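> quick one: sequence and predicted model below, then my questions.
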Amino acid sequence: MTELNQVDNHAQGGEGRRPLSVSAWLGRLQFHNSGKFRVLQLADIQDGPKVSKDTIALISAALDAARPDIVIFTGNQIAGYDTAFSATFRKRHWTPAKPGHGDRLDETMMAVRGEIAAFLKPLVDRGIPFAVTYGNHDFQCGLSNEELDAIYREFPGCLNVVPHEWGGRVGTAERSGADGGANVAVNDDGHAGANVAASGDSAGAAAKVGMIPAGVYDMPAPCAVPISGMPDQKVYPCGAGTFALPVMDADRTHAVLALVVADSGDYSPEGGYGKPAKRTLDFLYSVPEALGAKSLVFQHMPVPQYYDLLKAVEPDAPGAIQGYRAYESQYYVLDDDKTQPGSYLGEGVSCPDYDSGEFALLRDGGYFGIVAGHDHRNGFVGESEGVMMVATPTCGFGSYGPAPEKRAARLFEFDIRHPHHPRTQLLEFGDLVGKPSSRKAYSYDIASVKPDSEGMNLLHKKTLWSRIREWLRR
């Protein structure tokens, strides 16, 4: 069997079976004839080489229930602090490597590859393509995001590509940061600035390096990704864990929307969490114009504006949760007027201390929403200043989180009639799988949960376990 046939066979769900993903069967991400398109988000698996059986069970059940076109992993798949990686562990990027670090990297690479193979197996078996970005723990195993990206690309269905050398023309003093993050120039009215002067013949310079001009930025030219099993899909690359995926209409005449996967950074030398790199923010700014479509960004870290969906309360108020770092002097609950039914707040939003300007860029630059993980005990959906903001809890059983039955994958369903207003639902372990096989999950009670189930039922039929749980609540 040739290598190409092997790839095609895997993309078909194994031995010629039709893939579970409609887009994989059609050869690119696109709306179905039914007018629907589905994305499944998996946040914070955060486990070591021996991935919990319950995590795998949740992933498998969520795939079968949702039948998504694509799965997006939003970072912290790898618990880089796991003892299995102790010989190569790096607490921060700038931490000096341990003695003998290089001699043990091959062992770490084998262990990480085995872990990735374990949680990707349900996707590969079902022929479902996937995209991956990174969080603040993946790199701690000792492998860079670029090295991790290369491992993911070994598996059928992967949409991560080797990025071009991207030398976008933006280089203003306002867009700089000591931690490699960025501070987007923001006008006096709080809107993202776009008046960056370009130098030279932009179109000519872009053509020389395989890029396309987009406003004041040079957008990388799109790539095909044969291993994804979707020969007609184009990917606009930027860096490891940062790229854009156009989603076409059913007739393939135009891009209806773009899914953007972004590396939101990890830690800051100044303390707390870091911010997206300058290059990432420049790329985000350029996507909607270059692709001619409104966009939705998936990343690991929430932005500080997530606090706009909360309201300050007294510390002894029911369900009060203390804010994180820059917000720790105040206690909060969800603002019912800004968040959807079924949303819950289980911990303070763990965002960077300082605003990178990303929210203003998204709000003013053609994005209709931002989706994040990171906070394992938060599950809410809301809107502020016209931007949908989504927090998704952990789907993993290898680290802290809500009670086992509340760990979940998140389904997004887009409708061609209103493609920039997706419906979303948490697919919870308790409803899809039932009881966990282990009692080792490190869990907390959720302080504040709205009484109604989140959003709506996008599965159209109830699972056995969801019917049992409903009966027990009576």
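That came in fine, so what should we check first? Numbers count the residues shown, from 1 in each chain.

> confidence score at the nearest residue to Gly386 once chain neighbours are set aside?
Excluding its sequence neighbours, the residue lying closest to Gly386 (C-beta to C-beta, 6 or more residues apart in numbering) is Arg363, at 6.6 Å. For glycine as for every other residue, the C-beta is placed from the backbone atoms N, C-alpha and C. pLDDT, Arg363: 98.

> Arg363 belongs to a helix?
Yes: under DSSP: H, G, I helix; E, B strand; the rest coil, Arg363 sits within a helix.

> quick one: it and Ala61, what's the gap?
36 Å (C-beta to C-beta, to the nearest Å).

> please apply the same query to Gln425.
Gln425 sits 14 Å away from Ala61, going by C-beta to C-beta.

> center of the protein, which residue is that?
For the chain, the residue nearest the mean C-alpha position is Thr74 (2.6 Å; C-alpha atoms, centre = their mean).

> can you name every helix or strand that the longest helix seen in the chain contacts?
Taking DSSP state H as the criterion, the chain has its longest helix at helix 101-126. Contact analysis of helix 101-126 by 3 or more C-beta pairs under 8 Å, 6 or more residues apart in numbering; DSSP states H and E lists helix 53-66, helix 145-152 as its packing neighbours.

> buried deepest among the ones you listed, which one?
Of all these, helix 53-66 carries the top mean neighbour count, a mean of 21, counting by mean count of other C-beta atoms under 10 Å.

> roughly how far out does that one sit from the chain middle?
Computed by C-alpha atoms, centre = their mean, to the nearest Å, the chain-centroid distance of helix 53-66 equals 18 Å.

> strands of the stretch 151-300 of the chain, start to end?
Listed in chain order, the strands found in the stretch 151-300 of the chain under DSSP state E, counting those that start in this stretch are 211-214, 217-220, 223-224, 234-239, 242-248, 255-262, 295-299.

> ok, of the ones you listed, where does mean pLDDT dip lowest?
Looking at those, the bottom one is strand 211-214 with a mean of 52.

> check which helix or strand covers the nearest residue in space to Val303 that is not next to it in sequence.
Leaving aside its sequence neighbours, Val303 sits nearest to Phe359 (C-beta to C-beta, 6+ apart; 4.9 Å). According to DSSP states H and E, Phe359 maps onto helix 358-364.

> pLDDT weak spots in the chain?
Scanning the chain for pLDDT under 70 picks out the ranges 1-16, 164-217, 439-456, 460-474.

> picking up where we left off before, which positions in the longest helix of the chain come out as buried?
Neighbour counts over helix 101-126 (16 or more other C-beta atoms under 10 Å) mark 105, 108-109, 111-113, 115-116, 118-120, 122-126 as buried.

> was I right about Gly239 contacting Asp282?
No: taking contacts as C-beta atoms under 8 Å, Gly239 lies outside contact range of Asp282: 10.9 Å.

> of these two, who's got more company?
Remark: of Gly239 and Asp282, Asp282 carries more neighbours, 25 against 19, as counted by other C-beta atoms under 10 Å.

> ok, that one to Cys238 distance?
Plainly put, Asp282 is 9 Å away from Cys238 if you go by C-beta to C-beta.

> double-check that Ser350 belongs to a strand.
No: counting by three-state DSSP, Ser350 is not found in a strand; it is coil.

> bridged to the residue nearest to the centre of the chain, which residues?
For Thr74, the beta-bridge partners are Thr133 (DSSP bridges).

> start to end distance for stretch 263-275?
End-to-end span of stretch 263-275 (C-alpha to C-alpha, to the nearest Å): 9 Å.

> mind listing what's buried along it?
Residues Asp263, Ser264, Gly265, Asp266, Tyr267, Ser268, Tyr273, Gly274, Lys275 are the ones in stretch 263-275 that count as buried (16+ other C-beta under 10 Å).

> mind putting these into JSON lines with distance to His418?
Formatted as JSON lines, the buried residues of stretch 263-275 follow (distance: C-beta to C-beta, whole Å):
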{"residue": "Asp263", "distance to His418": "30"}
{"residue": "Ser264", "distance to His418": "27"}
{"residue": "Gly265", "distance to His418": "32"}
{"residue": "Asp266", "distance to His418": "35"}
{"residue": "Tyr267", "distance to His418": "38"}
{"residue": "Ser268", "distance to His418": "38"}
{"residue": "Tyr273", "distance to His418": "34"}
{"residue": "Gly274", "distance to His418": "35"}
{"residue": "Lys275", "distance to His418": "32"}
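
> quick check: the farthest pair among these?
Asp263 and Ser268 (14.6 Å; C-beta to C-beta).

> do a quick rundown of the helices in this structure.
Ranges of helices within the chain are 3-11, 22-26, 53-66, 101-126, 145-152, 202-208, 278-291, 358-364, 429-432, 464-473, based on DSSP H.

> out of the ones you listed, which gets nearest to Gly398?
Proximity to Gly398 (C-beta to C-beta) singles out helix 53-66 among the helices of the chain, at 6.7 Å.

> now for the closest one, which elements pack on it?
If contacts are counted by 3+ C-beta pairs under 8 Å, 6+ apart, helix 53-66 sits against strand 36-42, helix 101-126, strand 408-415, strand 423-428, helix 429-432.

> now it against strand 423-428, angle please.
Counting by axes from the mean of the first three to the mean of the last three C-alpha atoms, to 10 degrees, helix 53-66 lies at 140 degrees to strand 423-428.

> give me the contact list for helix 53-66.
Residues outside helix 53-66 that contact it (C-beta atoms under 8 Å, 6 or more residues apart in numbering): 20, 38, 40, 42, 45, 47, 71, 118-119, 121-123, 126, 128, 395-398, 404, 407-409, 411, 427, 429, 432-433, 436-438, 441, 458-459, 463.

> what about 6 Å?
40, 45, 122, 126, 395-397, 409, 411, 427, 429, 432-433, 436-437, 459 (C-beta atoms under 6 Å, 6 or more residues apart in numbering).

> considering these, which possesses the most neighbours?
Busiest of the contacts of helix 53-66 [other C-beta under 10 Å] is Cys395, holding 31 neighbours.

> wouldn't that residue be in contact with Ala409 here?
Yes: in this structure, Cys395 is within contact of Ala409 by C-beta atoms under 6 Å, at 5.1 Å.

> mutual contacts of the two, please.
Residues touching both Cys395 and Ala409 (C-beta under 6 Å, 6+ apart): Leu42.

> so how many other residues sit close to the residue lying closest to Gly35 once chain neighbours are set aside?
Spatially, and ignoring its direct neighbours in sequence, Gly35 is nearest to Ile416 (4.1 Å; C-beta to C-beta, 6+ apart). The criterion is other C-beta under 10 Å. On that basis, Ile416 has 15 neighbouring residues.

> repeat for the one 5 residues further on
Per other C-beta under 10 Å, the neighbour tally for His421 reads 12.

> just Gly323 next, same as before
Neighbour count for Gly323, taken as other C-beta under 10 Å: 19.
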